[in-house]
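Chemist: Need the 3D shape of this:
(2 chains)
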Amino acid sequence: MSIFLNHESVVLVQGITGREGLSHATRMRAYGTKVPGGVTPGKGGQSVDGFAVFDTVREAKAKTNANTSIIFVPPPFAADAILEAADAGIELVICITEGVPVHDTLKVVAALPPSVRLIGPNCPGLVSPGQALVGIMPAHIFAEGNVGVISRSGTLTYEIVDLLTRAGIGQSTCVGIGGDPIIGTVFVDCLQAFANDPQTHAVVLVGEIGGTDEEDAAALIAAGKFQKAVVAFIGGRSAPEGKRMGHAGAIVSGSSGTAQAKVAAFEKIGVPVADSPAQIPALVRPLVHQPARV
Amino acid sequence: MRLLEYQGKELFAKAGIPVPSGHVASSVAEAVQIMRDNPAPSVVKAQVLIGGRGKAGGIKFCSSAADVEEPARAILGMRIANSQNPEGEIAKRIWIEQRLDIAKEMYLSITVDRASKRPIVVASATGGMDIEEVAHSNPEAIVKQTIDPSKGYWPYIGRRIAKNAGIPLAVMSQFAVVLGKLYDLFFDVGAMLVEINPLAITKDGRLIASDAKVELDDNALLRHPEFESWKTAVEDDPLKSRAVKAGLGENNYVGLSGNVGIIGNGAGLVMATLDAIKASGGEPANFLDVGGGAKADLMRDAVNIVTANPRVKSLFINIFGGITRGDEVAKGLVAALEGGDWRKDKLVIRLTGTNEREGRALLEKNGITAVDTMNEGARRAVAAANA
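Modeler: Below is the predicted model:
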């Protein structure tokens, strides 16, 4: 098992003929992900590097039976691409695009039917090691195993996954939920999915300053709705108040959303919070019962 | 992008939200001319983004061309600071507006609520001061109401908010109209925040936006070329300007107060790097995220920008390559070292991931040994800064 993504997932790439879209489609296919093709309006009927190109998602879904779509279109067109995928009956939509206007995401989220899961925007995607990779993460750092990873960051996730894998701790599914203020899938959604995944023994939650997603996750755990072990890390402990740092999401203002508030929320309910990524493997090791399968 | 008061009020006026009539000046002579043309009791307000300008003496009064000189001279060029930002900000402009006869000050804003993923209205019959202080000391005085963007705003929502917030019934309908205009403006300009504090009730019963705070979504600016000219007015950190010129985003460079320069790829990793510097007893001089897939040119520019800060005593580059390639990073770093007089012993680089081997080999050839972990790099960079 795993969450959201498995070996049966069939993936379309929206923006398949773009530089990023094509290069990542190729990398995903090399990993073993089923990627029959993708969509670029006006270029339907072509074939690039063995990927079938379609004009619309509806057409692509009918021909390939895809259930997942990954979006590499430029920011002004991302909202439209997400809604096109949802309208065509795609169940899992991953929006990699960075720089999507927040109001676009606001409108998309309000319009999405509950049957569609959106991950991102501004995210690195997700991977269920040994089964499928849908995103831009470097494939070689992952190993199959029993730890779920959820993170608001990209490269920091790589850092942590790399440490886990080197320590012999494999992963069930790693989800980069994205750094924007409004995102389709938050920590709580991922925890609820991991709760029902027998492969996942424990979860590493990588949060950062800004918003209250981490506090909401802590409240879910405190309410007994997620009973597996969790290890947390919060980035941005040294960030000064009122400064935005890169991620549109990572801004501290007032007392809510500070690293201190998030660390306190987890520590209060007995969830260990690592001081640095390097501490995470030692905190996780006692919680998993099987070694990684590389 | 955060806007100055006078820019926010320009947007308010266009949106049909009542504002006091006023003019912006950047010299004493302009201020005198404004008062000559509009002789009336007026307020002279420093145009800065930092909070607490009133306490710092950035708001003064005048009533004629004769008595505007003194406040204008005092405020123009004034450095306004607060406890969160002791370095502060210099007031380059003043806004001179008609003084209002105010009966009551209230609070009204719309922002993006992450938890509900909707716009949220925050209103209070108590305004004119730090709303976070009100929220802390008297939470019942604040009403929060999310709005479903697919249904939109209707005046009944505004009347209900007014009623719940204890806003005087005499202005209830006016309030609902102002909120409707603020809601339209919020979407029209792609705002992260539109705030009126205080929203004044004048003695003759009119609602007027006495202040304006607007923060635009940087991602939405591509749809709003009309705000391009305001960009330079609000950005005055020269290193940040250089970072933007090099092709980085507005939030990819943040100046800080320490002496260890930081460059990394990915905001989360860079933030964790700052934390690691702190944990090693050091102080970061900046946050610089080169983003994903940085090429050699961008790396070179990034090194030059960070080391142009005279406070920087050592530099820590922390790269975990995914779509960023190690050889490109190394190439950029070598180019920066060739062009400048930066000492190699003050430089610490951690390079892992895609094309790590090629990158490290190129660095070795130039006499630089990359470290293996983030924590080791942080320790060495702090030691080098303090050596």
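
Chemist: Quick one: end-to-end distance for stretch A:128-143.
Modeler: End-to-end distance of stretch A:128-143 (C-alpha to C-alpha, to the nearest Å): 9 Å.

Chemist: Name the residues of that stretch that are buried.
Modeler: Within stretch A:128-143, the residues that qualify as buried are A:128-139, A:141-143, counting by 16 or more other C-beta atoms under 10 Å in any protein chain shown. Placement of C-beta: from N, CA and C, glycine included.

Chemist: which residues touch A:Pro36?
Modeler: Applying C-beta atoms under 8 Å, 6 or more residues apart in numbering or on different chains, we find A:Pro36 in contact with A:Val10, A:Leu12, A:Phe51, A:Ala52, A:Lys63, A:Thr64, A:Ala66.

Chemist: Can you pull out the low-pLDDT segments for the stretch 101-250 of chain B?
Modeler: Counting by pLDDT under 70, the stretch 101-250 of chain B has low-confidence residues at B:129, B:232-236.

Chemist: ranges for the helices of it?
Modeler: B:131-137, B:155-165, B:172-188, B:228-234, B:238-245 (DSSP state H, counting those that start in this stretch).

Chemist: Can you list the helices and strands that the next helix or strand along the chain from the last one packs against?
Modeler: Counting by DSSP states H and E, the element after helix B:238-245 in chain order, helix or strand, is strand B:253-255. The elements that strand B:253-255 packs onto, with contact taken as 3 or more C-beta pairs under 8 Å, 6 or more residues apart in numbering or on different chains; DSSP states H and E, are helix B:238-245, strand B:286-288.

Chemist: how far out from the middle of the chain is the last one?
Modeler: Between the centre of strand B:286-288 and the centre of its host chain there is 15 Å, according to C-alpha atoms, centre = their mean, to the nearest Å.

Chemist: I would like the residues contacting it, please.
Modeler: By C-beta under 8 Å, 6+ apart, the list of residues contacting strand B:286-288 from outside reads A:239, A:243, A:245-246, B:239, B:243, B:248, B:252-256, B:261-264, B:270-271, B:274, B:302, B:305-306, B:309, B:312.

Chemist: can you check the first one too?
Modeler: When contacts are defined by C-beta under 8 Å, 6+ apart, helix B:238-245 is touched by residues B:235, B:250, B:252-255, B:286, B:288, B:301-302, B:305-306, B:308-309.

Chemist: repeat for stretch B:300-308
Modeler: For stretch B:300-308, contacts defined as C-beta under 8 Å, 6+ apart pick out B:239, B:242-243, B:246-248, B:253, B:261-263, B:285-286, B:288, B:290, B:294, B:312, B:315, B:317, B:332-333, B:335-337, B:339-340, B:342.

Chemist: rerun that using 7 Å as the cut-off
Modeler: B:239, B:242-243, B:246, B:261, B:263, B:286, B:288, B:290, B:312, B:315, B:332-333, B:335-336, B:340, B:342 (C-beta atoms under 7 Å, 6 or more residues apart in numbering or on different chains).

Chemist: ok, and for it, which residues are buried?
Modeler: Residues B:Arg300, B:Asp301, B:Ala302, B:Val303, B:Asn304, B:Ile305, B:Val306, B:Thr307 are the ones in stretch B:300-308 that count as buried (16+ other C-beta under 10 Å).

Chemist: For the residue of chain A found nearest chain B, which non-adjacent residue is spatially closest?
Modeler: Nearest residue of chain A to chain B: A:Ser153, at 2.3 Å (C-beta to the nearest C-beta). Leaving out its chain neighbours, the residue that sits closest to A:Ser153 by C-beta to C-beta, 6 or more residues apart in numbering or on different chains is B:Gly268, at 2.3 Å.

Chemist: show me the contacts for that neighbour.
Modeler: For B:Gly268, the contact set (C-beta under 7 Å, 6+ apart) comprises A:Arg152, A:Ser153, A:Gly154, A:Thr155, A:Leu156, A:Glu208, A:Gly235, A:His247.

Chemist: Is there a neighbour count for the fifth one? I'd like the number.
Modeler: Put plainly, it is A:Leu156. For A:Leu156, the neighbour count with other C-beta atoms under 10 Å in any protein chain shown is 27.

Chemist: Quick check: it touching B:Thr273?
Modeler: No. Between A:Leu156 and B:Thr273 there is no contact under C-beta atoms under 7 Å: 9.3 Å.

Chemist: on that earlier part again, of the buried residues of stretch B:300-308, closest to A:Lys43?
Modeler: Nearest to A:Lys43, judged by C-beta to C-beta, of the buried residues of stretch B:300-308 is B:Asp301 at 34.9 Å.

Chemist: can you dump the C-alpha coordinates of the helix or strand harbouring the closest one into CSV?
Modeler: In the assignment (DSSP H and E), B:Asp301 maps to helix B:296-307. Extracted in CSV, the C-alpha atoms of helix B:296-307 (Å, rounded to 0.1, in the frame of the first residue of the first chain):
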residue,chain,number,x,y,z
ALA,B,296,26.2,29.0,-13.2
ASP,B,297,25.4,32.6,-14.0
LEU,B,298,22.8,32.9,-11.2
MET,B,299,25.1,31.2,-8.7
ARG,B,300,27.9,33.6,-9.6
ASP,B,301,25.5,36.6,-9.1
ALA,B,302,24.2,35.2,-5.9
VAL,B,303,27.8,34.9,-4.4
ASN,B,304,28.6,38.4,-5.6
ILE,B,305,25.4,39.8,-4.0
VAL,B,306,25.8,38.2,-0.6
THR,B,307,29.5,39.0,-0.4
